[in-house]
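J.: Sequence first, predicted model second:
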Amino acid sequence: MKGATPGVAAAIAIFYIFLWASAYVPSKIAAVETQPLWFLAARFLVAGLILAALAVALRKPVPESRQGWLVACVLGVFANALYLGLTYTAMQRLSAGMAALVASTNPLVLALLAPRFLGEPLTRWKAIGLVVGFGGVVFVIVARHGTPAALPFDAGLAFCGVLSSVVSTLLYKRFAIDQSLVAINAIQLCVAGLVTIPVALLVYGAPVVVVTPELTASFVYLVLVLSVGASLVWFWLLRHGEASRVSAYYYLTPIFGLALAALLLHEPLGVSDLVGLVAIAAGIALVQRT
């Protein structure tokens, strides 16, 4: 990665993945304790306004062209509204650990599309590593197949969210906006919130919220740590490295996600999960081989 040593870049990427994986526990709480689309609309708008205030205070520039604004708005739809909207809807039944597993298919899809849309080479080692890692994900999903926390429809819904996330990554890399990440993130989060509101109205009607300490803590964590902090780290990573190589760290998502879900939500963690995680870790090592 440009501007950072390989060790530092890897550490930042792993830290980002830990933060992103940590979102599945509070997201599961939000999905089952409230109307998830209304929760997301509030999360997006609050985080977007925080970043907008920060951009103004730091005098960060907004996009100067129509294309820049259009790309930022489209990113808000795909990277936030669709990705998290589909994921949260799935997580009303899908376990937090299984949602993290589905998310780890991101690099396989991205690596398959990056050669066509970004001109990034899919080397032999990358291909082998992605297949091995994806095999680990499939193994765990098959082992859990049929349980209430891993129904095929919900897993498929979450995977559609992954596809939306991949589209946003391709768009960002293809039409990179050379502007402040704070301003760009503020725009896309506000757009995501505004887009989610009419969908939430259509699905649920007026919002109904029962405030609990767990829900409040989840909201604060997801807004400040994920929507604001982790999103900025992710775009920094995208700007400084190949999309498919950076996204390979998504294979760490189920490792952190399953561990945190087992620790904090007491979700079951079996031998098949551990076998799958070994394959996933091996896939990472192969993908990162130069």
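T.: In hand now; what should we look at?

J.: Tell me the helix or strand right after the lowest-mean-pLDDT helix or strand in the chain.
T.: The helix or strand of the chain with the poorest confidence is helix 243-247; it has a mean of 57 (mean pLDDT, DSSP states H and E). The helix or strand immediately downstream of helix 243-247 is helix 253-265, counting by DSSP states H and E.

J.: In terms of secondary structure, what does that following helix contact?
T.: helix 6-22, helix 24-33, helix 96-103, helix 271-287 (3 or more Cβ pairs under 8 Å, 6 or more residues apart in numbering; DSSP states H and E). In short, each C-beta sits where N, CA and C put it, glycine included.

J.: could you dump that helix to PDB, C-alpha only?
T.: Extracted C-alpha coordinates of helix 253-265, given in PDB (Å, rounded to 0.1, in the frame of the first residue of the first chain):
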ATOM      1  CA  THR A 253     -14.600 -11.200   9.800                       C
ATOM      2  CA  PRO A 254     -16.100 -14.700  10.700                       C
ATOM      3  CA  ILE A 255     -13.200 -15.300  13.100                       C
ATOM      4  CA  PHE A 256     -13.900 -12.200  15.100                       C
ATOM      5  CA  GLY A 257     -17.600 -12.300  14.500                       C
ATOM      6  CA  LEU A 258     -18.100 -15.800  15.700                       C
ATOM      7  CA  ALA A 259     -15.900 -15.300  18.700                       C
ATOM      8  CA  LEU A 260     -17.700 -12.100  19.700                       C
ATOM      9  CA  ALA A 261     -21.100 -13.600  19.100                       C
ATOM     10  CA  ALA A 262     -20.200 -16.600  21.200                       C
ATOM     11  CA  LEU A 263     -18.700 -14.500  24.000                       C
ATOM     12  CA  LEU A 264     -21.400 -11.700  24.200                       C
ATOM     13  CA  LEU A 265     -24.500 -13.400  22.800                       C
END
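
J.: how far off helix 24-33 does that helix point, in degrees?
T.: Angle between the axes of helix 253-265 and helix 24-33 is 60 degrees (criterion: axes from the mean of the first three to the mean of the last three Cα atoms, to 10 degrees).

J.: how about helix 253-265: buried residues?
T.: Buried residues in helix 253-265, counting neighbours by 16 or more other Cβ atoms under 10 Å, are found at Thr253, Pro254, Ile255, Phe256, Gly257, Leu258, Ala259, Leu260, Ala261.
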